[in-house]
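Engineer: This is a predicted model, with the sequence first.
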Amino acid sequence: MEHATKEVLEGVKTEDLPTDAALYAPGEKDGQTKIIRKDGKVEVYNWSAMENEWKKIGDVVGSSNEKASGRTLYQGREYDYVFSVDFDESKPPVKLPYNRSDDPYVVAQKFLEDNELPQSYLDTVAKFIMQNVPGSGSAAPVSAYADPFTGKRIVLIPALNSL
């Protein structure tokens with residue numbers, strides 16, 4: 001199990017992740033994400049400021065990222081990364097496909113919709129992508145003139161804005 005975990009967190013050794021003891025410290029802000037190792041698995045937690053506790057979001061159970069081609073075929077499309085994420089132990093893991101050129105928040109939103117997950121997971125899923133994909137563009141701020149759903153530029157016509 002630990003070997004599969006190392007593949008998911010490419011470039012990060014499982015033993016370098018904090019243990020579940022890190023969950024004793026409160027989060028700094030609502031929605032903060034923490035990835036820990038526990039019993040040979042990697043788990044993802046989200047800080048709930050309202051409830052003042054870390055909530056388990058799921059287990060990172062593997063990646064089907066193929067080393068030979070560098071791309072993974074998933075549902076007929078090639079992706080740079082396809083993560084397996086376990087949100088509910090009673091159900092099989094769900095796939096989270098991602099390309100380096102994608103916006104993490106757009107991919108996270110689609111992932112939530114496709115898997116009928118709560119909207120409150122949006123920041124957690126997007127941050128998971130940004131933490132596990134080198135150069136995912138997480139530092140680039142979203143333009144005020146960009147459509148948050150498609151990422152395409154929006155042209156604002158001054159006459160319409162003054163109404």
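Structural biologist: In hand now; what should we look at?
Engineer: any idea how far residue 106 lies from residue 37?
Structural biologist: According to C-beta to C-beta, to the nearest Å, residue 106 and residue 37 sit 29 Å apart. Every residue, glycine included, has its C-beta placed from N, CA and C.
Engineer: Comparing these two, which shows the higher neighbour count?
Structural biologist: Higher neighbour count among residue 106 and residue 37: residue 37, with 21 against 16, using other C-beta atoms under 10 Å.
Engineer: okay, now the nearest residue to that one once chain neighbours are set aside: neighbour count?
Structural biologist: In this structure, residue 37 finds its nearest non-sequential neighbour in residue 17, 4.4 Å apart by C-beta to C-beta, 6 or more residues apart in numbering. Residues lying near residue 17 (other C-beta under 10 Å) number 17.
Engineer: Also the one 10 residues further on?
Structural biologist: By the other C-beta under 10 Å criterion, the neighbourhood of residue 27 contains 18 residues.
Engineer: If we ignore the residues flanking it in sequence, what's nearest it?
Structural biologist: residue 47 (2.7 Å).
Engineer: in its sheet, what does the helix or strand where the one you found lies sit against?
Structural biologist: Residue 47 is part of strand 41-48, with elements assigned from DSSP states H and E. With DSSP bridges as the test, strand 41-48 is paired with strand 33-38 (antiparallel), strand 53-63 (antiparallel).
Engineer: Dump that strand to CSV, restricted to CA.
Structural biologist: Taking C-alpha atoms only, strand 41-48 is exported to CSV below (Å, rounded to 0.1, in the frame of the first residue of the first chain):
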residue,chain,number,x,y,z
LYS,A,41,-2.1,5.3,4.1
VAL,A,42,-2.3,8.9,3.1
GLU,A,43,-5.4,10.8,4.2
VAL,A,44,-6.7,14.2,3.4
TYR,A,45,-8.3,16.5,6.1
ASN,A,46,-10.2,19.8,5.9
TRP,A,47,-10.3,22.3,8.8
SER,A,48,-13.8,23.3,9.8
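Engineer: re the thing from before, okay, the residue nearest to residue 37 and residue 81: tell me how far apart.
Structural biologist: Taken as C-beta to C-beta, the span from residue 17 to residue 81 is 18 Å.
Engineer: Count the residues that sit near residue 39.
Structural biologist: Residues within reach of residue 39, counting by other C-beta under 10 Å, total 8.
Engineer: List phi and psi for it.
Structural biologist: Torsion angles at residue 39 (phi, psi; degrees, to the nearest 10) stand at phi 50, psi 40.
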